[in-house]
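1. Give me the fold of what follows.
(chains A and B)
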2 protein chains.
Amino acid sequence: MSDTKVYLLDGGSLVIDGFHVFWNRGPAGEVRFPTYAVLVEHADGRYLFDTGYDFAHVQRVLPFEKPIQTPDQTIPGALAKIGLRPSDINYVINSHYHFDHCGGNKHCTTACTICHAKELEAAGKPQPFEHLGYSDLTFSPDLAKAKQNPPPPDPAMDIYTPKFETVTGDQEIAKGLWLFETPGHTAGHYSMMVELKGRRPMLFTADACYSQKNMDMMCISSFHLDPAESVRSLHKLKDLAKQHDAELFYSHDMESWQTYIKAPGFYS
Amino acid sequence: MSDTKVYLLDGGSLVIDGFHVFWNRGPAGEVRFPTYAVLVEHADGRYLFDTGYDFAHVQRVLPFEKPIQTPDQTIPGALAKIGLRPSDINYVINSHYHFDHCGGNKHCTTACTICHAKELEAAGKPQPFEHLGYSDLTFSPDLAKAKQNPPPPDPAMDIYTPKFETVTGDQEIAKGLWLFETPGHTAGHYSMMVELKGRRPMLFTADACYSQKNMDMMCISSFHLDPAESVRSLHKLKDLAKQHDAELFYSHDMESWQTYIKAPGFYS
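-> From the prediction side, this is the model:
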């Protein structure tokens, strides 16, 4: 049984405004940020935490986020770089169901999908201000068909019938693989911590904290369902990092991203 | 017993960003907006709904909001224009306790202060992202002294001991004078409707809806405690206006403001 390995799979980049990144602070202006998936090679199986965005979806629904994504930066392309195929993924874990975190789910047709129970519910009945965030429903063809009439054409939709396993509370879902509730950005948001043999634990904030600067300023992003909960989650992440001597990995931080080891390199 | 009259007391203007006015939409750029108080001359007494901002406070704490205010645009100055003094005010009603709605309370030393019970509580223990909003505590010298050590120098603080009357729920606090709960922007936000003999009721949204454009787009402002509640309040205001055939008066809308009758003119 091999030791756990963590690969960061580059998913390309998008653009939002500085006022979106730093709620009510800004400054205004385009901020290009990375998206990525986290592959955990674990004794119990291969876990993929988030799956980035689908280029065609963003071009169609949110072209103003100016996607840049090469074939190598799709889930199939990024997995191929380390000799894997989407069918090698046993579990997809979604931090939440915003389009830039679940766009590649549909490629992992044989995986079991893990998420917070509240998140799956929220994706089905978003607040009006969440419609763009929850615009890519291909992670659940049933939901897409129920909500969109007709659903957007996508061959993957017809061959993909994911099995969901919903979770609540803080959970060690496999040895050394933790999900921590960090709601606020969305109703059922999860961050993930991975314990490794040869280094400090890695704590992936997902969108509970976009960047180091958000953490330093204790400033949440402007995309949120509940700002008071968002602030509590920011504090929780800070406390967890301290308690476990974990290193924080931010979801959308171009500066931090430059310093991360990307696949085919890995952490172990 | 005379008929009810409503005077709009010009309180000067401030500047925020377009991303503050229209949450996550913008566009970016300075937006100058009016602030005003609403004087209701009623058979039961003189009610003042909101009291604008204090110029010295904004210069000291939020100079980036670029206040423009003449002496005529202070509460004493604006009242003087219609032959009144602050001591003629019997009741101050605060929609909420953000600095640009309660800065003139301290002048009304003999008035009873009416607000939502939750709002008074919230002003005493704001969320971290609400600190600037709730930065002018002169409306409650007790609170200011408890929270700020030392409180900012202000002669009014020593002569002003307001009596609070807190309210909850939708209430007709005097004949034809209604307070409607519209939370979300803050915890205990109230909008006010005034029924008049000679025209449609006036429904003052306060900060549950800054402008006509916010209503048209169903887009809330970026300053909020609970965005889902804010959206519900926006719908509630729209429904109330329809139900009562009331005219909506927005709190911070330069374009609408140009069309309003200002004191010494009045509505009746």
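
2. Going by C-alpha atoms from here, please, whenever you check contacts or count neighbours.
-> Noted.

3. Return the residues in contact with the residue of the stretch 101-250 of chain A found nearest chain B.
-> Taking C-alpha to the nearest C-alpha, chain B has its nearest neighbour within the stretch 101-250 of chain A at A:Asp226, 5.9 Å off. Residues in contact with A:Asp226 (C-alpha atoms under 8 Å, 6 or more residues apart in numbering or on different chains) are A:183-186, B:225-227.

4. any idea which helix is longest in chain A?
-> Identified as the longest helix of chain A according to DSSP state H is helix A:227-244.

5. still on that earlier bit, and the contacts of A:Asp226 as JSON lines, adding pLDDT?
-> Below are these laid out as JSON lines (pLDDT from 0 to 100):
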{"residue": "A:Pro183", "pLDDT": "98"}
{"residue": "A:Gly184", "pLDDT": "98"}
{"residue": "A:His185", "pLDDT": "98"}
{"residue": "A:Thr186", "pLDDT": "98"}
{"residue": "B:Leu225", "pLDDT": "98"}
{"residue": "B:Asp226", "pLDDT": "98"}
{"residue": "B:Pro227", "pLDDT": "98"}
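
6. quick one: which of those residues is nearest B:Lys163?
-> Proximity of those to B:Lys163 was ranked by C-alpha to C-alpha; the top entry is B:Leu225 with 26.4 Å.

7. can I get the CA coordinates of stretch A:249-268 in CSV?
-> Extracted in CSV, the C-alpha atoms of stretch A:249-268 (Å, rounded to 0.1, in the frame of the first residue of the first chain):
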residue,chain,number,x,y,z
PHE,A,249,-3.7,26.2,-0.4
TYR,A,250,-6.0,28.9,-1.8
SER,A,251,-8.4,28.3,-4.7
HIS,A,252,-8.0,31.4,-6.8
ASP,A,253,-4.7,33.0,-6.1
MET,A,254,-2.4,33.6,-9.1
GLU,A,255,0.6,34.6,-6.9
SER,A,256,0.4,31.5,-4.6
TRP,A,257,-0.4,29.3,-7.6
GLN,A,258,3.0,30.2,-9.1
THR,A,259,4.7,28.6,-6.0
TYR,A,260,2.7,25.4,-5.9
ILE,A,261,4.0,22.1,-7.4
LYS,A,262,1.8,21.2,-10.4
ALA,A,263,1.2,17.8,-11.9
PRO,A,264,3.1,15.8,-13.0
GLY,A,265,5.0,16.8,-9.9
PHE,A,266,3.3,15.9,-6.6
TYR,A,267,3.2,16.3,-2.8
SER,A,268,3.7,13.2,-0.6
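
8. How about it, which residues are buried there?
-> A:249-254, A:257, A:262-263, A:267-268 (16 or more other C-alpha atoms under 10 Å in any protein chain shown).

9. Same check on stretch A:21-32?
-> A:21-26, A:28, A:31-32.

10. tell me the two of the residues you listed that are most distant?
-> Going by C-alpha to C-alpha, the pair spanning the buried residues of stretch A:21-32 furthest: A:Asn24 and A:Arg32, at 18.5 Å.

11. low-scoring stretches of the stretch 1-150 of chain A, by residue?
-> A:1, A:149-150 (pLDDT under 70).

12. those strands in it, which residues are they?
-> A:5-17, A:30-42, A:45-49, A:91-93, A:112-116 (DSSP state E, counting those that start in this stretch).

13. helices or strands up against the last one?
-> Packing partners of strand A:112-116 (3 or more C-alpha pairs under 8 Å, 6 or more residues apart in numbering or on different chains; DSSP states H and E): strand A:91-93, strand A:163-167.

14. Could I get these in JSON lines, plus columns for distance to A:Ser135 and mean neighbour count?
-> Formatted as JSON lines, the helices and strands packed on strand A:112-116 follow (distance: least, C-alpha to C-alpha, whole Å; neighbours: other C-alpha atoms under 10 Å in any protein chain shown):
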{"stretch": "strand A:91-93", "distance to A:Ser135": "19", "mean neighbour count": "26"}
{"stretch": "strand A:163-167", "distance to A:Ser135": "19", "mean neighbour count": "16"}
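
15. rewinding a little: what separation is there between the residue of the stretch 101-250 of chain A closest to chain B and A:Pro183?
-> A:Asp226 is 8 Å from A:Pro183, where distance means C-alpha to C-alpha, to the nearest Å.

16. need the helices for chain A, in chain order.
-> With DSSP H as the criterion, chain A has helices at A:18-21, A:55-61, A:75-80, A:99-102, A:117-124, A:141-147, A:156-159, A:212-217, A:227-244, A:254-259.

17. from those helices, which stretch is densest packed?
-> Stretch with highest mean neighbour count among the helices of chain A: helix A:99-102 (a mean of 26; mean count of other C-alpha atoms under 10 Å in any protein chain shown).

18. Give me the distance between that one and the centre of its chain.
-> Relative to its chain's centre, helix A:99-102 lies at 6 Å (C-alpha atoms, centre = their mean, to the nearest Å).

19. got the CA positions of it in CSV?
-> Only the C-alpha atoms of helix A:99-102 are listed here, as CSV (Å, rounded to 0.1, in the frame of the first residue of the first chain):
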residue,chain,number,x,y,z
PHE,A,99,-19.4,26.2,-12.4
ASP,A,100,-15.7,26.6,-11.9
HIS,A,101,-15.5,23.7,-9.4
CYS,A,102,-17.7,21.0,-11.1
